[in-house]
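Asker: got a predicted model here, sequence first, then my questions.
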There are 2 protein chains.
Amino acid sequence: MDLAGVDVLAFDVFGTVVDWHSSVAAEVTELGLPVDGSRFALAWRARYAPTLRRVAAGELGWAPLDELHRIMLEECLDEFGVHELDEEQKRHLTGAWHRLRPWPDSVEGLTRLKRRYVISTLSNGNIGLLTRMAKHAGLPWDCILSAENFQRYKPDPATYLGVGRVFGVEPSRVLMVAAHHDDLEGARSHGLLTAYVERPLEFGPDGKDVSPEPATTLHVRDLRDLADRLGC
Amino acid sequence: MDLAGVDVLAFDVFGTVVDWHSSVAAEVTELGLPVDGSRFALAWRARYAPTLRRVAAGELGWAPLDELHRIMLEECLDEFGVHELDEEQKRHLTGAWHRLRPWPDSVEGLTRLKRRYVISTLSNGNIGLLTRMAKHAGLPWDCILSAENFQRYKPDPATYLGVGRVFGVEPSRVLMVAAHHDDLEGARSHGLLTAYVERPLEFGPDGKDVSPEPATTLHVRDLRDLADRLGC
């Protein structure tokens, strides 16, 4: 737990840095879909983990998340009985994941952390998605690293270990930052340090459990708090 | 030659965005090597193309450029009869390629171009090298793309075609920017648009030929000029 040796911060993005729930819900509503935007966003996201597991199991070939988001969208439209979207509208709605809004502390927190550390994404989002999101949201990444770099989705070890390899440092000099304990557990099991970020509104106003996990190196409220804790 | 459709600018880096010659020469001199810094820098760089050709031919396995730089450094030290460097000094000197200085127009030019376009590297430098260089030099990339992403060095088609694939656009919507006609020829042969940047001092004060190549989409003096020509 030697935070003094940390050189690289690797960030989960969906939920940790950006608010996918309210952003996607708003786009669904703006497009005039005859559904509850929040419920649709939750249903779309609920298909994420099982779909990635199908890729990991080899049932689906490797595909960038943009393509998987489109497959999941079609499934959700069927589930909600929505049949009136044309190709252009479906493409636009899939692009909602490129336009997610940052949490209010994200840009300031990252900007402060960037002064001292290499700040990189380590997300299952594809490189193009993460790059366009960063431009849209003003996220000042030093580097975009993605499951796409390793052709493996988190929690595959290649992703966590890949960060240190890319930057030429031991895993213990990488701090993985995420709002999800399972992501941090994956990182920790391969020797990375971990920071848990509370994001109680990730799934909407009903809230989520943000209890600490004792194995976590740091437990922080948000990215400003992380910058404070790391003296940035 | 439809510049209006361009969405992504992909930049060669060594020589195009940063001045490797004077930067490496200065580090060689600062380290107190009993050699002419400029001649040593030129000799080191002269081993670059043949070494990458050995990787392309399968004589050397894939390795990130940091490792190849170290191999080439050992060869140059032998060539110049320098035997007094210890491991730490060799590692530091190999890191000189992480600390290359930008040309005087690069940061301003990129900052202006970034307002309208996705600006990405497409360099044979590895991701870690390019990321640390960008932090050191203040280069505001949206994305770091490298030969490492494709496990192939330029001019392998996978590199040029990879940019469009990553960003989900046709090759004709990518403008490759480089100070080397052979790099642009590789890009053009796979459907990318091309911009040649004059860098007459790339190899030092003796200058280099910066004559236009008619097949190039744009021929510009520097990155400020490129921003002017693209209306940024």
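Answerer: Arrived safely, thanks for sending. Numbering: from 1, shown residues only, chains lettered A, B, ... in the order given.

Asker: quick one, domains of chain A?
Answerer: Listed domain ranges for chain A are A:3-19+A:100-229, A:20-98 (source: automatic domain parsing).

Asker: gap between the helix or strand of chain A with the lowest mean pLDDT and the chain center?
Answerer: Across the helices and strands of chain A, the lowest-confidence element by mean pLDDT, DSSP states H and E is helix A:48-56, at a mean of 95. Helix A:48-56 sits 15 Å away from the centroid of its parent chain (C-alpha atoms, centre = their mean, to the nearest Å).

Asker: separation between A:E67 and chain B?
Answerer: For A:E67, the distance to chain B equals 10 Å [C-beta to the nearest C-beta, to the nearest Å]. Yep, even glycine has a C-beta here, placed from its N, CA and C like the rest.

Asker: okay, now that residue: neighbour count?
Answerer: A:E67: 14 surrounding residues under other C-beta atoms under 10 Å in any protein chain shown.

Asker: could you point out which element follows the helix or strand hosting it?
Answerer: Using DSSP states H and E, the element containing A:E67 is helix A:65-79. Proceeding N to C from helix A:65-79, the next assigned helix or strand is helix A:87-94, under DSSP H and E.

Asker: now that next one: buried residues?
Answerer: Neighbour counts over helix A:87-94 (16 or more other C-beta atoms under 10 Å in any protein chain shown) mark A:L93, A:T94 as buried.

Asker: tell me the strands beside the next helix-or-strand element following it, with direction?
Answerer: Following helix A:87-94 in sequence order, the next helix or strand is strand A:101-102 (DSSP H and E). Partner strands and pairing direction for strand A:101-102 (DSSP bridges) are strand A:18-19 (antiparallel).

Asker: what lies in contact with the strand it pairs with?
Answerer: With C-beta atoms under 8 Å, 6 or more residues apart in numbering or on different chains as the test, strand A:18-19 has contacts from A:L100, A:R101, A:P102, A:W103, A:S106, A:M133, A:A137, A:L201, A:E202.

Asker: any idea how far the fifth one is from A:V17?
Answerer: To tie it back to what came earlier, the one meant is A:S106. According to C-beta to C-beta, to the nearest Å, A:S106 and A:V17 sit 5 Å apart.

Asker: which of these two has more residues huddled nearby?
Answerer: Neighbours of A:S106 and A:V17, each counted by other C-beta under 10 Å, are more numerous for A:V17; the result is 31 against 24.

Asker: for chain A, what spans make up the strands?
Answerer: Assigned by DSSP state E, chain A shows strands spanning A:8-11, A:18-19, A:101-102, A:118-123, A:143-146, A:174-178, A:193-197, A:218-220.

Asker: average pLDDT across the last one?
Answerer: Right, strand A:218-220. Summarised as a single mean, pLDDT over strand A:218-220 is 98.

Asker: so the helix holding A:E67 versus helix A:87-94, what angle?
Answerer: Here helix A:65-79 runs at an angle of 110 degrees relative to helix A:87-94 (axes from the mean of the first three to the mean of the last three C-alpha atoms, to 10 degrees).

Asker: just how off-centre is helix A:65-79 within its chain?
Answerer: Worked out by C-alpha atoms, centre = their mean, helix A:65-79 lies 18 Å from the chain centre.

Asker: show me what it is packed against.
Answerer: If you count contacts as 3 or more C-beta pairs under 8 Å, 6 or more residues apart in numbering or on different chains; DSSP states H and E, helix A:65-79 packs onto helix A:37-46, helix A:48-56, helix A:87-94, helix A:127-137.

Asker: before we move on, back to that, what is the nearest of the contacts of strand A:18-19 to A:A187?
Answerer: Comparing the contacts of strand A:18-19 against A:A187 with C-beta to C-beta places A:E202 closest, at 18.5 Å.

Asker: contacts only, for that closest one.
Answerer: So A:E202 contacts A:G15, A:D19, A:W20, A:H21, A:A179, A:K208 (C-beta under 8 Å, 6+ apart).

Asker: related to what we said a few turns ago, dump the least confident helix or strand of chain A to PDB, restricted to CA.
Answerer: The C-alpha coordinates for helix A:48-56 follow below in PDB (Å, rounded to 0.1, in the frame of the first residue of the first chain):
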ATOM      1  CA  TYR A  48     -23.700  -4.900 -20.500                       C
ATOM      2  CA  ALA A  49     -22.100  -7.400 -18.100                       C
ATOM      3  CA  PRO A  50     -23.800 -10.500 -19.600                       C
ATOM      4  CA  THR A  51     -22.900  -9.400 -23.100                       C
ATOM      5  CA  LEU A  52     -19.200  -9.000 -22.200                       C
ATOM      6  CA  ARG A  53     -19.300 -12.400 -20.500                       C
ATOM      7  CA  ARG A  54     -20.500 -13.900 -23.800                       C
ATOM      8  CA  VAL A  55     -17.400 -12.300 -25.500                       C
ATOM      9  CA  ALA A  56     -15.100 -13.600 -22.800                       C
END
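
Asker: specify the angle between that helix and helix A:65-79 in degrees.
Answerer: For helix A:48-56 against helix A:65-79, the angle by the same axes, to 10 degrees is 120 degrees.

Asker: my guess is A:R115 meets A:C232, correct?
Answerer: Yes - if you go by C-beta atoms under 8 Å, A:R115 and A:C232 touch, sitting 5.9 Å apart.

Asker: what's the pLDDT at A:D2?
Answerer: Looking at A:D2, its pLDDT is 87.

Asker: quick one: contacts for it?
Answerer: Applying C-beta under 8 Å, 6+ apart to A:D2 gives the contacts A:S172, A:L193.

Asker: and A:R112, how many residues sit next to it?
Answerer: Close neighbours of A:R112, defined as other C-beta under 10 Å, add up to 19.

Asker: so it versus chain B, what's the distance?
Answerer: Per C-beta to the nearest C-beta, A:R112 is found 15 Å from chain B.

Asker: which ones are touching that residue?
Answerer: A:R224, A:A227, A:C232.

Asker: how close does A:Y117 get to A:A4?
Answerer: Distance of A:Y117 to A:A4, given as C-beta to C-beta: 12 Å.

Asker: okay, these two: which has more neighbours?
Answerer: Taking other C-beta under 10 Å, A:Y117 and A:A4 do not tie; A:Y117 has more neighbours (21 against 5).

Asker: what sits closest to that one if chain neighbours are left out?
Answerer: Counting by C-beta to C-beta, 6 or more residues apart in numbering or on different chains, A:L9 is the residue found nearest to A:Y117 once chain neighbours are left out, at 4.8 Å.

Asker: now do the one you found against B:D182, distance only.
Answerer: 38 Å.

Asker: which residue comes closest to A:L122 once chain neighbours are left out?
Answerer: Of all residues not flanking A:L122 in the chain, A:A10 sits nearest, at 3.9 Å (C-beta to C-beta, 6+ apart).

Asker: report how many residues lie close to A:V35.
Answerer: The burial count for A:V35: 18, using other C-beta under 10 Å.

Asker: for A:D228, same thing?
Answerer: When counting by other C-beta under 10 Å, one arrives at 14 neighbours for A:D228.

Asker: what comes into contact with stretch A:34-53?
Answerer: Contacts for stretch A:34-53 (C-beta under 8 Å, 6+ apart): A:20-22, A:24-29, A:33, A:60, A:68-69, A:71-73, A:75-76, A:79-80, A:82, A:124, A:153, A:203-204.
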